[in-house]
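Kindly generate the corresponding structure for this input.
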Amino acid sequence: MDKIIMTGLEFYGYHGMSTQEQELGQRFQVDAELFLELKKAGETDAPEHTVDYSKAAQVIKSVIEGPPCKLIEAVAEKVATGLLELCPVRGVMIRIKKTQAPLPIKFESMAVEIWRKHG
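Below you'll find the predicted structure:
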């Protein structure tokens, strides 16, 4: 299976368990892999045989910048569901990273990664 890879997309959202996260918000980084057949797109050079990257990015943006969730697990599910609605995507891998979670330790990021497919 072929894939389109989108890495390091950054958006600002208000997801999290703490009041600080819900009120002040924070940056989220998103990586997405969209699994689909790309042979026909490569052979024909026709956009209708692939995914519009800007539409995929807009799906992610609308979830991250949309209504808050307590868990980034829920955010990842919403992103996956939205991306699976884009034809001809057959599966997705989503990684949501929080780089500014209010924790009393030094860290690079906290993340959730999920893989979903049709059916």
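
Run the chain-centre distance for the lowest-mean-pLDDT helix or strand in the chain.
Within the chain, no helix or strand scores below helix 19-24, which has a mean of 92 by mean pLDDT, DSSP states H and E. The chain centroid and the centroid of helix 19-24 are separated by 21 Å under CA atoms, centre = their mean, to the nearest Å.

after that helix comes which helix or strand?
strand 26-36 (DSSP states H and E).

list the helices and strands whichever strand or helix holds V92 packs on?
Assigned by DSSP H and E, V92 belongs to strand 91-98. If you count contacts as 3 or more CB pairs under 8 Å, 6 or more residues apart in numbering; DSSP states H and E, strand 91-98 packs onto strand 26-36, helix 72-84, strand 110-117. For glycine as for every other residue, the C-beta is placed from the backbone atoms N, C-alpha and C.

Output these as JSON lines; include the columns mean pLDDT, mean neighbour count and distance to S62.
Shown next, in JSON lines, are these (pLDDT from 0 to 100; neighbours: other CB atoms under 10 Å; distance: least, CB to CB, whole Å):
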{"stretch": "strand 26-36", "mean pLDDT": "97", "mean neighbour count": "19", "distance to S62": "12"}
{"stretch": "helix 72-84", "mean pLDDT": "98", "mean neighbour count": "20", "distance to S62": "7"}
{"stretch": "strand 110-117", "mean pLDDT": "97", "mean neighbour count": "14", "distance to S62": "18"}
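
Make TSV from those and add distance to V51 to it.
Listed next are these as TSV, based on distance: least, CB to CB, whole Å:
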stretch	distance to V51
strand 26-36	6
helix 72-84	9
strand 110-117	15
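
Identify whichever of these lies nearest to G8.
strand 26-36 (6.1 Å; CB to CB).

distance of Y53 from I60?
11 Å (CB to CB, to the nearest Å).

Those two: who's more crowded?
Neighbours were tallied for Y53 and for I60 using other CB atoms under 10 Å; the higher tally belongs to I60 (23 against 11).
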